[in-house]
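*Asks:* Just the structure for this:
(chains A, B and C)
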Amino acid sequence: MPGAGSKALFPKSSTIQVESFDLRETLHSGQVFHWQEDGNGGWIGCLGEQPVWLAQPDAGTLLVSAGSEDAAVCYLGLDQPLSAIHETFPEGDAVLAEAMAYSPGLRILRQPVWECLATFITSSLKQVAHIRRISLLIRSRFGVEHTFQGNRLFAYPGPEALADAGEAALRQCGLGYRAKSLALTAGAVASGRVDLNGLENLDDALAREALMELHGVGEKIANCVLLFGCGRYGAFPIDVWMDRILRSKYLSPAQSRKMNARALQAWAEARFGPYAGYAQQYLFHYARNALNK
DNA sequence: GGTCAGGTTCCGA
DNA sequence: TCGGAACCTGAC
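*Replies:* Numbering: from 1, shown residues only, chains lettered A, B, ... in the order given. Predicted structure coming up:
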């Protein structure tokens, strides 16, 4: 147990000054499902293959295990121009303003694309606790193990490992019907039939189409991957929570009835602009936590 | 023990 | 094109 008997300590860590950032809220905002608390105010997890420890002892200070500073800044979105992003939001939007005030420290993560894609394929029609359970199980069964300060950690297995594992073994991780989608998608990526690295050469619409060719990937999951993995901040995933808050807070019942999912998607992208995905994250977190009481 | 969940696919109009 | 049903599993 690292730092036993003390708070937020780690043998070798670096201090990074941060502003408008909340580590706990960000790791709990439904973008990622594998970070574990170390019992001393810190978090452990993997950035890709690399085991990392993170802690935020006070609002302006982030501690990162030595050697992972740059990776953590990128992963946590600390290099994103937050105030410039906020300036692109529609003026006079009281709902969005309230959502931003509710959790001003939220950031959009930049996760490894495969890990993000595979995790969201397993998320369909699942509650967060279950997504987390499945994610950790897949890691521990098929991922590379690391021993890190006395903790056992597992990196997310690559597409080859999951393709080799096959549908039946994946099903044993509690995936249900999603096992088929994950196995097929892992096979498509492992064989090179789909090139995730090539996504960065495509514009948002084409990248989304390419992702949606994969089995088990519809518009919502494709948008999650673009936003949380590819740094496409205009992507706007609409799940049941977003559907609820958009319809109840922005549209009259009559307007809402006239809008199907596709129309709502277009409306939201137009309303919230080039950083719509950031607006989405504030609204989503707010809808799930503040409005769900 | 029943209900329902952070979606996608498939099928019939 | 569009709406509705089916799909595995586990948390509540």
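*Asks:* so who does the closest residue to DNA strand B within the stretch 151-293 of chain A touch?
*Replies:* Using Cβ to the nearest atom of the strand, A:Gly218 is the residue of the stretch 151-293 of chain A that sits closest to DNA strand B, at 2.6 Å. (Each C-beta comes from the backbone N, C-alpha and C, glycine too.) By Cβ atoms under 8 Å, 6 or more residues apart in numbering, the contact list for A:Gly218 reads A:Met212.
*Asks:* and what of the one 3 residues further on?
*Replies:* Remark: with contacts taken as Cβ under 8 Å, 6+ apart, A:Ile221 is in contact with A:Leu117, A:Phe120, A:Ile121, A:Ser123, A:Ser124, A:Leu211, A:Pro237.
*Asks:* same thing with A:Tyr275?
*Replies:* A:Ile85, A:Thr88, A:Phe89, A:Tyr233, A:Gly234.
*Asks:* Weed out the non-buried ones from these.
*Replies:* A:Ile85, A:Phe89, A:Tyr233, A:Gly234 (16 or more other Cβ atoms under 10 Å).
*Asks:* confidence score at the last one?
*Replies:* If I follow you right, that is A:Gly234. In this model, A:Gly234 is scored at 97, pLDDT.
*Asks:* From what I see, it and A:Tyr278 are in contact.
*Replies:* No. Using Cβ atoms under 8 Å, A:Gly234 is not in contact with A:Tyr278, being 9.4 Å away.
*Asks:* for the contacts of A:Tyr275, which one is nearest DNA strand C?
*Replies:* A:Gly234 (21.9 Å).
*Asks:* returning to that earlier point: most surrounded residue in the contacts of A:Ile221?
*Replies:* Each of the contacts of A:Ile221 was scored by neighbours using other Cβ atoms under 10 Å; the highest score is A:Leu117's, at 28 neighbours.
*Asks:* Let me see the contact set for that one.
*Replies:* Applying Cβ under 8 Å, 6+ apart, the residues near A:Leu117 are A:Thr185, A:Val189, A:Leu196, A:Leu211, A:Leu214, A:Val217, A:Ile221, A:Val225, A:Gly229.
*Asks:* How much space separates A:Asp195 from A:Glu37?
*Replies:* 36 Å (Cβ to Cβ, to the nearest Å).
*Asks:* before we move on, what about A:Gly45?
*Replies:* 10 Å.
*Asks:* Strands of chain A, start to end?
*Replies:* For chain A, applying DSSP state E gives strands covering A:13-17, A:36-37, A:42-47, A:50-58, A:61-65, A:145-148, A:151-154.
*Asks:* Which residues belonging to the last one are considered buried?
*Replies:* Okay, so that is strand A:151-154. So, applying 16+ other Cβ under 10 Å, buried residues of strand A:151-154: A:Leu153, A:Phe154.
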